[in-house]
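Enquirer: Could you work out the structure for the sequence below:
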Amino acid sequence: MMEIQLKVQKPLKDLVYLELKHKILTGEIVSQTRLMEIDLSEKMNVSRTPIREAIKRLADDGLVKVEPRRGAYVANISIKDMLDVFEVREDMEGFAAKLAAERITDEEKAELRQIAAEYDEALRAGNKETIIELDEKFHNFIVVCSGNETLSELVKYVQELSLRFRYLYYNDYSLYESTAEQHTRIMEAINNGRSEEARFEADAHVKALKEFVFELGKKMKAMGDTE
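Expert: Numbering: from 1, shown residues only. Predicted structure coming up:
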């Protein structure tokens, strides 16, 4: 199931952590799955020590729960969790877009436009995984353009939580299509130095996602899924 790519020049403990984190965020390891050190060490061909360290770090990230007798297992993620995340994302990403519009370089403008174009290409190809990856890349790059390291660390955490939810629940391609239009408006505002407009468009984008999650929650409740 899992293999560590040792070509990447990182300590083994970091590789194990990143591999497990990716599996959880993309839904390959589903909620409530028990994380057995012996089982994982055999599958990843590593000792139990980096597995144990990775599980502790994942627990610190909120992706894993560790309980007496039950052990470690992948945490649930609910509609309420995501609505909480989007409330935080709204202000942070709007602020990041505003700063980016004020500080972005010509080289960064070209790269932002390229990422938006790649998203459109992935949308036309119908590649869900690439769409999600490029959506994350688009928003992360805006934070890079803001030039604020503290903001970057804060946004990274909440975006990772959103990433996991997207892999689990986002199957409506109309959402991805509207996202492409919203990306274009955000990009144009940033690249043209319209800081307040950039903030407004970024805020509006997150509000639209929050509304989508809220409506999804109502549908799931009506179908009897209370998670």
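
Enquirer: who are the neighbours of the lowest-mean-pLDDT helix or strand in the chain, in terms of helices and strands?
Expert: Of all helical and strand segments in the chain, the minimum by mean pLDDT, DSSP states H and E falls on helix 149-169, at a mean of 80. Other helices and strands packing on helix 149-169, by 3 or more CB pairs under 8 Å, 6 or more residues apart in numbering; DSSP states H and E, are helix 12-25, helix 79-103, helix 128-146, helix 195-222. C-beta coordinates here come from the backbone N, C-alpha and C atoms, glycine included.

Enquirer: ok, now with 10 Å
Expert: When contacts are defined as 3 or more CB pairs under 10 Å, 6 or more residues apart in numbering; DSSP states H and E, helix 149-169 packs onto helix 12-25, helix 48-61, helix 79-103, helix 128-146, helix 195-222.

Enquirer: who wins for proximity to Ile186 among the ones you listed?
Expert: Nearest to Ile186, of all the helices and strands packed on helix 149-169, is helix 195-222, at 4.6 Å by CB to CB.

Enquirer: Can you tell me how far the residue of the chain most remote from its centre is from Arg34?
Expert: Within the chain, the residue lying farthest from the chain centre (CA atoms, centre = their mean) is Arg69, at 31.1 Å. Arg69 sits 12 Å away from Arg34, going by CB to CB, to the nearest Å.

Enquirer: What residues sit buried inside the least confident helix or strand of the chain?
Expert: Buried residues in helix 149-169, counted by 16 or more other CB atoms under 10 Å: 151, 154-155, 158-166, 169.

Enquirer: Would you mind listing the residues in contact with the nearest residue to Ile132 once chain neighbours are set aside?
Expert: Using CB to CB, 6 or more residues apart in numbering and skipping the chain neighbours, the partner closest in space to Ile132 is Arg166 (5.2 Å). Contact analysis of Arg166 by CB atoms under 10 Å, 6 or more residues apart in numbering lists Leu25, Thr26, Gly27, Met82, Lys128, Ile131, Ile132, Asp135, Glu136, Leu175, Tyr176, Leu209.
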